[in-house]
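A.B. asks: A predicted structure for the sequence below; I have some questions about it.
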Amino acid sequence: MIPMEHYLIVSSIMFFVGLYGFLSRKNLLAILISIELILNSVEINFSVFNRYLFPEHMEGMFFSLFGIAISAAETAVAIAIIINVYRVTQEIDVRHIDKMKY
Amino acid sequence: MEFTIYIILVPMLLFFVLALGGRWLGPRTAGIIGTAGMGAAALLSYIAVYKYFFAGAGIGPDGNYLTVTGFNAQWLRLTDSLHIDMGVLLDPISVMMLAVVTTVSLMVHIYSFGYMKGERGFQRYYAFLSLFSFSMLGLVVATNIFQMYIFWELVGASSYLLIGFYYTRPAAVAASKKAFIVTRFADFGFLIGILILSYCTKTFDFGAITADNASLAVRTMEGSSFLGLSSATWAMLLIFMGGAGKSAMFPLHIWLPDAMEGPTPVSALIHAATMVVAGVYLVARMFPVYLFAAPQVLTVIGYVGAFTALFAAIIAMVQTDIKRVLAFSTISQIAYMMVALGVSGMGGHAGEGYTASMFHLFTHAFFKALLFLGAGAVIHAVHSNEMEHMGGLRKRMPVTHITFLVACLAIAGIPPLSGFFSKDEILSAAMEGDKVLFAVLWIVAGITAFYMFRLYFRIFWGRESETARHAHEAPAVMLVPLAVLALLTCVTGFIPFSRFISPDNAPYALGINWGVAGASIAIGIAGIALAAWLYMRDSERPQRIAARMGGFYKAAKRRLYIDDAWAFLTKNIIFRRICAPIAWFDRHVIDGTWCGIANVTQRTSEAIKGIQNGRVQAYALLFIISVLLITIITLFI
């Protein structure tokens, strides 16, 4: 059986890759994909902890299913926002979208 | 006597109608409404006079005059005993004042039709006249000292508005401000006096304060003292200060000559006949308190009055602006009334000064209004206030000439005109009261005759000036008031005033003191003769005398430097020494503190606002770094 640490290493790598992408990418879509990576790493953690530590319970599994549903909805909303931002500013470079401070 | 409230309410209503609706009424209608309303008020006053003095409404069972309350309403209730009322108090002096104020006001209303014709703001003028009449009538019938104070300030405000009627002229604006500030300064003393008096006596009511020889004030105010003077002396001195400001007593007289910047009918109404005698009226109203609680103040009033009379008369001799001459003459004559009050006693013949003062107030109102209106007719004809632009007008303006002569003879004290009788009473009261005051007043009588006839001769005799050649008689609407006032000047002297007015409201008989009268006629005629010798024909004599007087002549022409002294006091001492340091403290210390706090806040925000740059990723980075830091801290500490 694969030890739990391996899963956690994979999910940590995914989390920090996602974090790095979220901070460094300038394209809104790339940022969105990075957020998906962060979310998925969290969901892996949920599943792994559930499976290895509390095998007789199912809460972790359901929580990751919940997370998948939420991330799907969030992606839909985010893409809608990005499309609208694009319609207004004709670009999706995050450096130029700084109207939020006003 | 309930109808008397309408004497006050009618002008008030007129003021609101003319002030709010004047724009739609048109000048002519507004003037007619104002005059008709004033006529109604005058009629009501005459009815009040008739009912009070002759029909028995004011005469008690022992033959003395009663104090009738025509109307009373509680206005502000402070405690059970201390409350401010608004009402109508009728006693001999207030009923007399009602007649004087409404008569002169009516004459001025009629006269203004001609004088103010075609002026911008004609409706506004009539509205202010109504406001003034309302305030003055409210003042004379006040039932308590606080009501008097309220109306006292109202007359001050309406005087301010009317002096500044030509508000496009800087001189008029300055004069109105001066009048307001000087009288306001005096009224501050008045207010403190009222507060001291009412604190001790626990009442504002004139009846309660003056009743029974002012025993309430004497009883409650004895024992307490401040800086060596009793509280009664302080209170009455401060109240007199208010009166001195309004009545232009030295050294608070400086506003009155400047107030001549207003329209001439206004000068006649406010600055000759009615408002300026309010101070005399105030002292007369509080007379028992002065006499029994603070007799020293009465002496002060007498001496201040005598000094002012002499001082103003000297200045009046050398002024060349005819309205200024009349203004100083007004100051001098009001001072006469003050002296009469100062030497008066109480009861029977001892109250002669009080009677004489009110008598002179009564006659002076008519002949001084007449002088001002006559001067107004002259100014209207030659379009100048300066004597050198007049001369030889007696043929061109016959009616004005005759009426002006009547008024000049009256003020000079020539029988049988009204001024003779009232002045004689004042002089004989002074003779019995204080010989020094008598001597001063007697000299002033001569000076008065001299400067009035100097004025008369320079306007109507002597060499005709260029402008005087084009002068013509005033319209009939201006001549009618002159004729009416001249008639009143001729007949009012024969009223036996002691039958109606005395300090204890008990009628007594008073004859002419022929010894004093002879002396006053003699010096009056001497003054007239001197004026005639100098000014009747055009000559070099006045200049020669002026040159010989040298510095004194110049000083008198500069009004004996009192205005300059006040200007020095305010500008160099109060403004520079007191106000400027306070202003510096305010600007640098107080403003500095708060501006400093604001500046520090602003600098800080300038410095840290770069953090909020609108880039989401920067926020996220900051957020993550913070989370990591907190994590590390919680893990390792």
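C.D. replies: Yep, it's here.
A.B. asks: For residue B:611, give me the pLDDT.
C.D. replies: Listed pLDDT for residue B:611 reads 77.
A.B. asks: ok, now residue A:100?
C.D. replies: pLDDT at residue A:100 comes out at 63.
A.B. asks: same check, this time on residue B:450
C.D. replies: Taking residue B:450 on its own, its pLDDT is 89.
A.B. asks: and if you look at the one 3 residues further on?
C.D. replies: Residue B:453 is assigned 89 on the pLDDT scale.
A.B. asks: pretty sure residue A:39 contacts residue A:72?
C.D. replies: No - between residue A:39 and residue A:72 there is no contact under CB atoms under 8 Å: 10.0 Å. Bear in mind the C-beta positions are built from the backbone N, C-alpha and C, glycine included.
A.B. asks: quick one: which of the two has more around it?
C.D. replies: Neighbour count, other CB atoms under 10 Å in any protein chain shown: between residue A:39 and residue A:72, residue A:39 has more, with 20 against 10.
A.B. asks: can you pull the contacts of that one?
C.D. replies: The contact partners of residue A:39, taken as CB atoms under 8 Å, 6 or more residues apart in numbering or on different chains, are A:18, A:67, A:71.
A.B. asks: Of those residues, which is the nearest to residue B:573?
C.D. replies: The closest of the contacts of residue A:39 to residue B:573 turns out to be residue A:18 (CB to CB; 81.1 Å).
A.B. asks: before we move on, back to that, quick one: which of the contacts of residue A:39 is most hemmed in?
C.D. replies: residue A:18 (21 neighbours).
A.B. asks: any weak-confidence spans in chain A?
C.D. replies: A:100-102 (pLDDT under 70).
A.B. asks: Could you pull out the helices in it for me?
C.D. replies: Applying DSSP state H to chain A gives helices spanning A:4-24, A:28-53, A:59-89.
A.B. asks: I'd like the ones you listed as JSON lines, with distance to residue B:628 appended.
C.D. replies: Shown next, in JSON lines, are the helices of chain A (distance: least, CB to CB, whole Å):
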{"stretch": "helix A:4-24", "distance to residue B:628": "10"}
{"stretch": "helix A:28-53", "distance to residue B:628": "15"}
{"stretch": "helix A:59-89", "distance to residue B:628": "23"}
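A.B. asks: Return the most buried member of these.
C.D. replies: For these, the largest average neighbour count (mean count of other CB atoms under 10 Å in any protein chain shown) is found in helix A:28-53, namely a mean of 18.
A.B. asks: Relative to the whole chain's centre, how far out is that helix?
C.D. replies: The chain centroid and the centroid of helix A:28-53 are separated by 6 Å under CA atoms, centre = their mean, to the nearest Å.
A.B. asks: And stretch B:85-96, by the same measure?
C.D. replies: That offset, for stretch B:85-96, works out to 19 Å (CA atoms, centre = their mean).
A.B. asks: can you check stretch B:415-432 too?
C.D. replies: On CA atoms, centre = their mean, the centre of stretch B:415-432 falls 23 Å from that of its chain.
A.B. asks: One more: stretch B:230-249?
C.D. replies: 15 Å.
A.B. asks: if we can go back for a sec, of the helices of chain A, which is nearest residue B:627?
C.D. replies: Of those, the one closest to residue B:627 (CB to CB) turns out to be helix A:4-24, at 10.7 Å.
A.B. asks: what helices or strands is that closest one leaning on?
C.D. replies: With contacts taken as 3 or more CB pairs under 8 Å, 6 or more residues apart in numbering or on different chains; DSSP states H and E, helix A:4-24 sits against helix A:28-53, helix B:616-636.
A.B. asks: now the ones you listed in JSON lines, with distance to residue B:587?
C.D. replies: Formatted as JSON lines, those follow (distance: least, CB to CB, whole Å):
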{"stretch": "helix A:28-53", "distance to residue B:587": "55"}
{"stretch": "helix B:616-636", "distance to residue B:587": "43"}
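A.B. asks: Identify whichever of those lies nearest to residue B:231.
C.D. replies: helix B:616-636 (73.9 Å).
A.B. asks: So what touches that closest one?
C.D. replies: A:19, A:22, A:23, A:24, A:31, A:94, A:97, A:100, B:611.
A.B. asks: The second one contacts residue A:28, correct?
C.D. replies: No - the pair formed by residue A:22 and residue A:28 falls short of the contact definition of CB under 8 Å, at 11.1 Å.
A.B. asks: what's the overlap in contacts for those two?
C.D. replies: With CB under 8 Å, 6+ apart as the test, residue A:22 and residue A:28 reach no residue in common.
A.B. asks: Please list all residues in contact with residue B:346.
C.D. replies: Contact analysis of residue B:346 by CB under 8 Å, 6+ apart lists B:213, B:287, B:288, B:291, B:354, B:503, B:504.
A.B. asks: Go again with 7 Å.
C.D. replies: B:291, B:503, B:504 (CB atoms under 7 Å, 6 or more residues apart in numbering or on different chains).
A.B. asks: and chain A, which of these reach it?
C.D. replies: Among these, no residue is within reach of chain A (CB under 7 Å from any CB of the partner chain).
A.B. asks: Out of the residues you listed, which one has the weakest pLDDT?
C.D. replies: Checking pLDDT across the contacts of residue B:346, the minimum falls on residue B:504 at 80.
A.B. asks: Give me the three-state assignment for it.
C.D. replies: coil (DSSP: H, G, I helix; E, B strand; the rest coil).
A.B. asks: give me phi/psi at it?
C.D. replies: phi -100, psi 20 (degrees, to the nearest 10).
A.B. asks: Look up how far residue B:348 lies from it.
C.D. replies: 8 Å (CB to CB, to the nearest Å).
A.B. asks: Could you say which one of the helices of chain A comes nearest to residue B:398?
C.D. replies: For the helices of chain A, the distance to residue B:398 is smallest for helix A:59-89, at 92.4 Å, taking CB to CB.
A.B. asks: other SSEs contacting whichever strand or helix holds residue B:601?
C.D. replies: Per DSSP states H and E, residue B:601 falls inside helix B:591-608. Helices and strands touching helix B:591-608, by 3 or more CB pairs under 7 Å, 6 or more residues apart in numbering or on different chains; DSSP states H and E: there are none.
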